[in-house]
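Undergrad: Would you be able to build a 3D model of this:
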Amino acid sequence: MSATHYSEKQLLINELLLLNQENLPQSLALMQKQKSHQHCMLCGPNSLLGLKLNFYNDANQQVWAHFKSSIHQQGYEGILHGGFLSALLDSSMCHAIFSKNIEAVTADMNIRFLHEVKVNSHILMTAKVITSRSPLYKVEGELYVDGILMTKSNARFMTKGFSKI
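TA: Okay, here's the model as predicted:
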């Protein structure tokens, strides 16, 4: 693991400690970048203006990521745009499916915004697959700031290429 990934993993662990000191994942492994997502605006390593997010998974295939927001994701003055938060949730949930070696696309997504997320927040992202019955997968995602649940989502994903027209 590179020094950059090591420091990123330490930030992630610090965020997890704020969330729950007793139930910290035993091991977090850096997830491989998907070949199909090389230009993804959130996780793609080859996306010119992308965030290049790295995701980590634990033994239970729950995925985790850390992101520090900036003014570039702002909606209202000083507050992150809801669409941007939705994109973070979508990406997290997609990576939960990747952790099962499955490629799927979002079929529908329900989001609950519990609190405003301020610009320059350190965001802990997490997601896990709830049910897995190919071609349909139900997934949940959550965003935390300082250990407080800010936004949560549940979604259904369909296996990529399942519905070819």
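Undergrad: Can you tell me the SS state at the most centrally placed residue in the chain?
TA: In the chain, the C-alpha nearest the mean C-alpha coordinate belongs to residue 92, at 2.3 Å (C-alpha atoms, centre = their mean). Reducing the assignment at residue 92 to three states with DSSP: H, G, I helix; E, B strand; the rest coil gives helix.
Undergrad: so who does the residue nearest to it when sequence neighbours are not counted touch?
TA: Once flanking residues are discounted, residue 92 sits nearest to residue 127: 3.9 Å by C-beta to C-beta, 6 or more residues apart in numbering. The way it works is simple: take the backbone N, C-alpha and C, and place the C-beta from them, glycine included. Going by C-beta atoms under 8 Å, 6 or more residues apart in numbering, residue 127 touches 62, 63, 89, 92, 93, 95, 96, 139, 140, 141, 142.
Undergrad: Determine which two of these are furthest apart.
TA: With distance counted by C-beta to C-beta, no two of those lie farther apart than 62 and 89, which are 14.3 Å apart.
Undergrad: And these two? Which one has more around it.
TA: Just comparing residue 62 and residue 89: by other C-beta atoms under 10 Å the higher neighbour count belongs to residue 89, 26 against 17.
Undergrad: where's that one, which helix or strand?
TA: helix 82-98 (DSSP states H and E).
Undergrad: before we move on, back to that, what separation do you get for the residue nearest to residue 92 and residue 62?
TA: Computed as C-beta to C-beta, to the nearest Å, the residue 127 to residue 62 distance reads 7 Å.
Undergrad: Find the residues that touch each one of those two.
TA: Among the neighbours of residue 127, those also in contact with residue 62 (C-beta under 8 Å, 6+ apart) are residue 96.
Undergrad: Could you tell me which strands sit next to whatever helix or strand residue 152 lives in in the sheet, and their orientation?
TA: Residue 152 is located in strand 148-159, with elements delineated by DSSP H and E. Strands flanking strand 148-159 in the sheet, each with its direction: strand 104-113 (antiparallel), strand 136-145 (antiparallel) (DSSP bridges).
Undergrad: who's in contact with residue 149?
TA: 114, 142, 143.
Undergrad: rerun that using 7 Å as the cut-off
TA: 114, 142 (C-beta atoms under 7 Å, 6 or more residues apart in numbering).
Undergrad: ok, now how distant is it from residue 120?
TA: The gap separating residue 149 from residue 120 is 19 Å, by C-beta to C-beta.
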